[in-house]
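Trainee: I need the structure of the sequence given here:
(2 chains, ligands or ions: 1)
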Amino acid sequence: MTDRAETLARLLELIAPYNVRGVELSETTRFAEDLELDSLTVMDLVANIEDAWDINLPLNLLPELETVGQVADAVVRLAAR
Amino acid sequence: MTDLLAKFDRFAAEHQTLLDAGLLDPFGVVMEEVLSPTRAVIGGRETILVGTYNYMGMTFEPSVLAAAKAAIDRFGAGSTGSRVLNGTFAAHVGVEAALREFYAMDHAIVFSTGYQANLGMVSTLAGKGDVIVLDADSHASIYDGCKLGHAEVVRFRHNDAADLDRRLGRLPKEAGRLVVLEGVYSMLGDVAPLKELVAVAKAHGAMVLVDEAHAMGFFGPHGRGVYEAQGLEGEVDFVVGTFSKSVGTVGGFAVSNHPKFEILRLVTNPYRFTASLPPAVVAAAEASIRCLMRAADKRERLWAATRALHAGLREAGFRLATETAESAIIAVLMPDQEATVAMWDALLRHGIYVNMSRPPATPAGVFLLRCSLSSEHSREDVATIVDRFIEARASLAAAAAA
Ligand SMILES: Cc1ncc(COP(=O)(O)O)c(C=O)c1O
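Mentor: Reported below is the predicted structural model:
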């Protein structure tokens, strides 16, 4: 499942439970500013994403992944590896 | 001009709210005098210390104090040098010899703190192209070691061997792997299933580093740590430890049987670009480690005190983070920040000093009042601690009802 659109759709499903503020979720939703995820929640979400695609999402990448779209790109790239 | 400190305004405001409420500052306690491993004068009052990690009560051990005083006379107050230039004295060599003996390992290297030991070991062992796989609840010094180095960093779910297995299985075959674990996790005081975790790491060809900061002296037949208690000698590649807890002074170290270990002295920045420990400190550490080789009585008293506190607090209706007294850390679970700070404050006013911990330092967002025991806490001390917990809780309930 590495198709970009499919990946994004699945990603939005995984993020939904963490969207406690009820913001509209899209490509451009930002994790820190819009969803206000703290570091512990991020850790949980990252682990779920890793398991969904059977990939490792290294911590070193996280600072660059600010939006949902950027994570979708990273997942597509890592899943193809 | 952008005020670079403005980004901390939220923390400053939160802290100020606490002080404005008339509560004592949980991060600003001053000990005016230290009377023993378990007693200090705080705010003019004798207080029982229940959060110091002074597990083996070595801070006032006569042979340790004598060694420190003799080292000051023999070597002076400080080294004014790094371990590789001007800063290695006979006392530094002596403590490394004591560590090799204590752990029955071929190599020991001493850093200026345990924090720096992890910074140095983690950042240097795993380089570019290698992968560090660490437990999600790892200590800040391990995370910072990851940031200092150039390896890829992957986390696995706390103490979850199946999760570690999956993550290692996803790595490219050619990547060097370092799995980083702790024997005891200091927030909840839970012990790692090292046997399972190390077996998984080895099956994937990883080297293993275990931080035994909270286990030295009282886990395993020789007090080497949880890895020894679980029969893993020869399986763990590197053990990291600290002098700031069971040893009762300050400093950090790593021990290993790896034949190429000594080269780390020349390539590890947190080892070579900082001053070596003062001679009094390393001499005290050596004397203390030698005492810990024969400390069966202290061990026994520590475990007895730990079990008694766990049982007493549970009996009194407090919720504890572990079902049994797994380590010498007993963490009391609190519902929220307000209740935690209020109880912490009430305890100190009742002459009991424990540690307050809250997210993000704690895992899973829990609020904790953390107790740690010492071999020097008597049976009566433990009973007093439990009584004061009950009284402090009652005083808060009374204040709330008024
Ligand atoms: C697990 C762990 N590792 C390392 C350290 C750092 O030790 P030190 O106090 O010697 O810097 C600590 C304690 O703070 C710790 O809890």
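
Trainee: for the rest of this, base every contact and every neighbour count on C-alpha atoms.
Mentor: Fine.

Trainee: restrict the helix or strand bottoming out on mean pLDDT in chain A to CA atoms and write it as PDB.
Mentor: In chain A, the helix or strand scored least confidently by mean pLDDT, DSSP states H and E is helix A:39-53, which has a mean of 90. Listed next in PDB are the C-alpha coordinates belonging to helix A:39-53 (Å, rounded to 0.1, in the frame of the first residue of the first chain):
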ATOM      1  CA  SER A  39       5.700  14.700  22.600                       C
ATOM      2  CA  LEU A  40       4.100  11.700  24.300                       C
ATOM      3  CA  THR A  41       1.100  11.600  21.900                       C
ATOM      4  CA  VAL A  42       3.500  12.000  19.000                       C
ATOM      5  CA  MET A  43       5.300   8.900  20.200                       C
ATOM      6  CA  ASP A  44       2.100   6.900  20.200                       C
ATOM      7  CA  LEU A  45       1.000   8.100  16.800                       C
ATOM      8  CA  VAL A  46       4.400   7.400  15.300                       C
ATOM      9  CA  ALA A  47       4.400   3.900  16.600                       C
ATOM     10  CA  ASN A  48       1.000   3.300  15.100                       C
ATOM     11  CA  ILE A  49       2.100   4.600  11.800                       C
ATOM     12  CA  GLU A  50       5.200   2.400  11.800                       C
ATOM     13  CA  ASP A  51       3.100  -0.700  12.500                       C
ATOM     14  CA  ALA A  52       0.500   0.200   9.900                       C
ATOM     15  CA  TRP A  53       3.100   0.100   7.100                       C
END
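
Trainee: buried set for it?
Mentor: Neighbour counts over helix A:39-53 (16 or more other Cα atoms under 10 Å in any protein chain shown) mark A:40, A:42-43, A:45-47, A:49-50, A:53 as buried.

Trainee: near chain B, from the residues you listed?
Mentor: A:40, A:47 (Cα under 8 Å from any Cα of the partner chain).

Trainee: nearest to the ligand among the buried residues of helix A:39-53?
Mentor: Proximity of the buried residues of helix A:39-53 to the ligand (Cα to the nearest ligand atom) peaks at residue A:40, which lies at 18.7 Å.

Trainee: and that closest one, what does it touch?
Mentor: By Cα atoms under 8 Å, 6 or more residues apart in numbering or on different chains, residue A:40 lies in contact with B:360, B:363-365.

Trainee: mind pulling up the pLDDT for residue 3?
Mentor: No chain specified, so I'll use chain A. pLDDT recorded at residue A:3 is 88.

Trainee: let me rephrase: I mean chain B.
Mentor: For residue B:3, pLDDT reads 95.

Trainee: can you report phi and psi for it?
Mentor: Backbone torsions of residue B:3, given as degrees, to the nearest 10, read phi -80, psi 110.

Trainee: any idea how far the ligand is from it?
Mentor: Counting by Cα to the nearest ligand atom, to the nearest Å, the gap from residue B:3 to the ligand is 30 Å.

Trainee: one more: residue B:11?
Mentor: Going from residue B:11 to the ligand by Cα to the nearest ligand atom gives 22 Å.

Trainee: tell me which element that residue is part of?
Mentor: In this structure, residue B:11 sits in helix B:9-20 according to DSSP states H and E.

Trainee: report the buried residues of that helix.
Mentor: residue B:18.

Trainee: what pLDDT, on average, does that helix get?
Mentor: According to the model, helix B:9-20 has a mean pLDDT of 90.

Trainee: same question, stretch B:51-66
Mentor: pLDDT averaged over stretch B:51-66 gives 98.

Trainee: I'd like the distance from it to the chain centre, please.
Mentor: Offset of stretch B:51-66 from its chain centre (Cα atoms, centre = their mean, to the nearest Å): 15 Å.

Trainee: check whether that stretch contacts the ligand.
Mentor: No: shown here: stretch B:51-66 not in contact with the ligand (Cα under 6 Å from any ligand atom), separated by at least 8.9 Å.

Trainee: can I get that stretch in CSV, CA atoms only?
Mentor: Provided in CSV are the C-alpha atoms of stretch B:51-66 (Å, rounded to 0.1, in the frame of the first residue of the first chain):
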residue,chain,number,x,y,z
GLY,B,51,13.9,10.6,46.9
THR,B,52,17.7,10.8,46.8
TYR,B,53,18.6,7.5,45.1
ASN,B,54,21.2,7.1,47.9
TYR,B,55,20.3,3.4,47.8
MET,B,56,23.3,2.0,49.6
GLY,B,57,23.7,4.9,52.1
MET,B,58,27.3,5.5,51.2
THR,B,59,27.4,9.3,51.4
PHE,B,60,28.7,9.3,55.0
GLU,B,61,30.5,5.9,55.1
PRO,B,62,33.6,6.5,57.2
SER,B,63,36.0,4.7,54.9
VAL,B,64,34.7,6.7,51.9
LEU,B,65,35.1,10.1,53.7
ALA,B,66,38.6,9.1,54.8
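
Trainee: buried set for it?
Mentor: Buried residues in stretch B:51-66 (16+ other Cα under 10 Å): B:51-59, B:61, B:64-65.

Trainee: in the stretch 201-350 of chain B, which residue sits closest to chain A?
Mentor: residue B:204 (15.4 Å; Cα to the nearest Cα).

Trainee: list the contacts of that residue.
Mentor: Contacts of residue B:204 (Cα under 8 Å, 6+ apart): B:165, B:168-169.

Trainee: rewinding a little: need the contacts of residue A:40 in CSV (columns: pLDDT, secondary structure and neighbour count).
Mentor: Compiled in CSV, the contacts of residue A:40 are given as follows (pLDDT from 0 to 100; DSSP: H, G, I helix; E, B strand; the rest coil; neighbours: other Cα atoms under 10 Å in any protein chain shown):
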residue, pLDDT, secondary structure, neighbour count
B:360, 79, coil, 13
B:363, 82, helix, 16
B:364, 78, helix, 14
B:365, 81, helix, 15
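
Trainee: perfect, I'm done here.
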